[in-house]
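Participant: What shape does this take:
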Amino acid sequence: MLAVGRCVIALGTLRNVDVAVEVHVLVDPPRIDLSRFDHAASGSLDVPSGCLAVMACTGYLPNAPRIKLSPGTYQVLSLASGVGTMKNEWEPANDLYTVYLWRGEQREPELLKHWRDNGN
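Facilitator: Prediction:
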């Protein structure tokens with residue numbers, strides 16, 4: 001649920017409605033217990049302008065909120081939690097999508113933990 005390009009990342013969600021997303025910019029890599037999350041992926045992102053736009057897939061770029069960063073390359077950790085609270089796409093649920101960013105070297109994307117629907 002993470003697509004990575006040189007200067008863009010696309011975080012996939014499991015519902016086609018507004019969902020909770022948190023973005024955390026850190027100095028050091030986060031210490032994360034992956035057992036607390038349903039899905040995890042990592043990669044890197046170049047931010048040459050020092051300005052990161054955050055928007056939904058149907059958002060309008062000129063209106064997107066911006067995060068000011070020091071220009072450079074960042075590590076990205078994308079996490080999904082609360083997946084089991086979803087009954088269907090449109091009812092309220094407690095799914096949460098969290099992104100951590102910190103300075104680091106360019107690297108290949110990696111799937112750290114794969115969520116799979118068990119048919120429930």
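
Participant: which is the next helix or strand following the strand or helix carrying Val21?
Facilitator: Taking DSSP states H and E as the definition, Val21 sits inside strand 20-25. Going down the chain from strand 20-25, the next helix or strand is strand 39-47, by DSSP H and E.

Participant: Please enumerate the strands of the chain.
Facilitator: Assigned by DSSP state E, the chain shows strands spanning 2-4, 9-11, 20-25, 39-47, 51-53, 66-68, 72-81, 96-103, 110-113.

Participant: Please identify the buried residues of the fourth one?
Facilitator: Translated: strand 39-47. Neighbour counts using 16 or more other CB atoms under 10 Å place 39-45, 47 of strand 39-47 among the buried residues. (Glycine included, C-beta is placed from N, CA and C.)

Participant: Select, from these, the two members most distant in space.
Facilitator: His39 and Val47 (23.9 Å; CB to CB).

Participant: so where's this structure shaky on pLDDT?
Facilitator: 118-120 (pLDDT under 70).

Participant: one more time with 90, if that's ok
Facilitator: The chain contains residues with pLDDT under 90 at 1-6, 9, 11-20, 55-59, 83-92, 95, 115-120.

Participant: returning to that earlier point: just name the closest of the buried residues of strand 39-47 to Lys68, please.
Facilitator: Val47 (9.8 Å).

Participant: Any idea how many residues pack against the nearest residue to that closest one once chain neighbours are set aside?
Facilitator: With CB to CB, 6 or more residues apart in numbering as the criterion, Val47 has its nearest non-adjacent residue at 5.2 Å, and that residue is Leu69. A total of 16 residues lie near Leu69 under the criterion other CB atoms under 10 Å.

Participant: Enumerate every residue touching Leu69.
Facilitator: 25, 47, 50-52, 101 (CB atoms under 8 Å, 6 or more residues apart in numbering).

Participant: before we move on, the earlier item: would you reformat the strands of the chain as TSV and include distance to Lys87?
Facilitator: Below are the strands of the chain laid out as TSV (distance: least, CB to CB, whole Å):
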stretch	distance to Lys87
strand 2-4	25
strand 9-11	22
strand 20-25	17
strand 39-47	18
strand 51-53	32
strand 66-68	33
strand 72-81	16
strand 96-103	16
strand 110-113	23
